[in-house]
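Asks: need coordinates for the following:
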Amino acid sequence: MPRIARKLPIASAGAPPPLKISDSDWKRIEEVYGQSLTASAREKVTRATRKFISSEIFERTAEPLSDSRDIIKELTRASTKFKTVLLRHGFKLGDAGTFARHLLNKHFQDPRLLGRDPLHSFNGVLSSFIAGCRLAEKDVAPHKTRRAATELSEERAEANLARVRHKGLRVPDPTAGAEGPGVTQKPEPQRALPTFIKGHAWGLWVQALTQIAKSERMSWQVRKDVGNKSRTDKQSDFVLFVGELQNLLPTECRRGKPSKSALADAINEARSSGLKKRKSSVK
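Replies: All right, here's what the predicted structure looks like:
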């Protein structure tokens, strides 16, 4: 199984493309589907499709996690090197070192540095910063790629998208729980970061459409044997329904191209994936 390149758990994107389904579009969809859709069903399908479009765009615009990993590694290297120089020269013994430290403490004044020895306080802050960088490196370590891609639950993905779009990132207070320079706090249990996975939003869309079809007593089954010479090659009504809906979406949002058989396979894969069903995909 190929390793999946992890992406950032946050992403930026412009406004999603508008979705317009005209009366003639609905008539064509119903003809292909072989069933009429009530006003309630049309509203649910439209709502689920708009939600899909607004979520799918982030899967394409999310930047690779390796970019953040490179930044953190560079900060770790630079701060570690600076700390080495600071300890070697800023705390050097002898008259020259003592006088140099005296001048630095005289001019290096900042209310955030406590005590009568700002240089010593700064060294403690620098040590905490380096420790934070090393913990951050573990969060973005590449060895988590497979686990993050295969064990990401739907709830975590949905919660992540909600935080990004509506609440922003939560930035912890750097002074919270601090007991002074040089104090090492016990780290929280390490967990794999959530990540955007291409096709995840499409799979949730298919699951939502399936639930809509079931609740509206419409056809939702998908055959797995189309193409078998002993049976008709006609695709399931639900596959034709999804295919017709996809024709109204931007090309980059579609899956299962170019054949209906490929679309049927993609639908079955989305339904049988390890992602948990939404508690309330359609209201």
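Asks: what about Arg101, distance to Pro194?
Replies: Per C-beta to C-beta, to the nearest Å, Arg101 is found 46 Å from Pro194. No exception for glycine: its C-beta is placed from N, CA and C like everyone else's.
Asks: more crowded one of these two?
Replies: Neighbour totals were compared for Arg101 and Pro194, and Pro194 leads with 22 against 18 (other C-beta atoms under 10 Å).
Asks: helices of the stretch 101-250 of the chain, residue ranges please.
Replies: For the stretch 101-250 of the chain, the helices defined by DSSP state H, counting those that start in this stretch occupy 118-139, 145-150, 154-162, 200-215, 237-246.
Asks: got JSON lines for those helices, with distance to Arg47 and mean pLDDT too?
Replies: JSON lines is the format used below for the helices of the stretch 101-250 of the chain (distance: least, C-beta to C-beta, whole Å; pLDDT from 0 to 100):
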{"stretch": "helix 118-139", "distance to Arg47": "35", "mean pLDDT": "93"}
{"stretch": "helix 145-150", "distance to Arg47": "29", "mean pLDDT": "40"}
{"stretch": "helix 154-162", "distance to Arg47": "15", "mean pLDDT": "45"}
{"stretch": "helix 200-215", "distance to Arg47": "9", "mean pLDDT": "94"}
{"stretch": "helix 237-246", "distance to Arg47": "13", "mean pLDDT": "94"}
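Asks: where does this structure have low pLDDT?
Replies: The chain contains residues with pLDDT under 70 at 1-4, 143-193, 225-233, 257-258, 274-283.
Asks: show me it divided up by domain.
Replies: 23-62+198-272, 65-140 (automatic domain parsing).
Asks: surely Leu240 and Glu30 touch.
Replies: No - between Leu240 and Glu30 there is no contact under C-beta atoms under 8 Å: 10.8 Å.
Asks: in terms of neighbours, single out the busier of the two.
Replies: Remark: of Leu240 and Glu30, Leu240 carries more neighbours, 20 against 15, as counted by other C-beta under 10 Å.
Asks: for Ala13, see how far away the more buried one is.
Replies: On the measure of C-beta to C-beta, Leu240 and Ala13 end up 31 Å apart.
Asks: that older thread, and the domains of the chain as JSON lines, adding distance to Leu8?
Replies: What follows is these, written out as JSON lines (distance: least, C-beta to C-beta, whole Å):
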{"stretch": "domain 23-62+198-272", "distance to Leu8": "5"}
{"stretch": "domain 65-140", "distance to Leu8": "6"}
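Asks: just name the most buried of the ones you listed.
Replies: domain 23-62+198-272 (a mean of 17; mean count of other C-beta atoms under 10 Å).
Asks: how far out from the middle of the chain is it?
Replies: Put simply, domain 23-62+198-272 sits 24 Å off its chain's centre (C-alpha atoms, centre = their mean, to the nearest Å).
Asks: quote the end-to-end distance of that domain.
Replies: 33 Å (C-alpha to C-alpha, to the nearest Å).
Asks: might you report the residue contacts of the nearest residue to Pro118 once chain neighbours are set aside?
Replies: Excluding its sequence neighbours, the residue lying closest to Pro118 (C-beta to C-beta, 6 or more residues apart in numbering) is Phe108, at 5.0 Å. Residues in contact with Phe108 (C-beta atoms under 8 Å, 6 or more residues apart in numbering) are Pro118, Leu119, Phe122.
Asks: so which of the residues you listed comes closest to Ser24?
Replies: Phe122 (69.9 Å; C-beta to C-beta).
Asks: contacting residues for that closest one?
Replies: Phe108, Leu113.
Asks: okay, it and Arg60: tell me how far apart.
Replies: 43 Å.
Asks: ok, now Leu114?
Replies: Leu114 sits at a distance of 48 Å from Arg60 (criterion: C-beta to C-beta).
Asks: and if you look at Phe238?
Replies: 26 Å.
Asks: repeat for Ile197
Replies: Using C-beta to C-beta, Ile197 is found at 12 Å from Arg60.
Asks: now His120
Replies: 49 Å.
Asks: one more: Ala141?
Replies: The gap separating Ala141 from Arg60 is 25 Å, by C-beta to C-beta.
Asks: got it, and Phe108?
Replies: 47 Å.
Asks: same question, Asp110
Replies: Distance of Asp110 to Arg60, computed by C-beta to C-beta: 44 Å.
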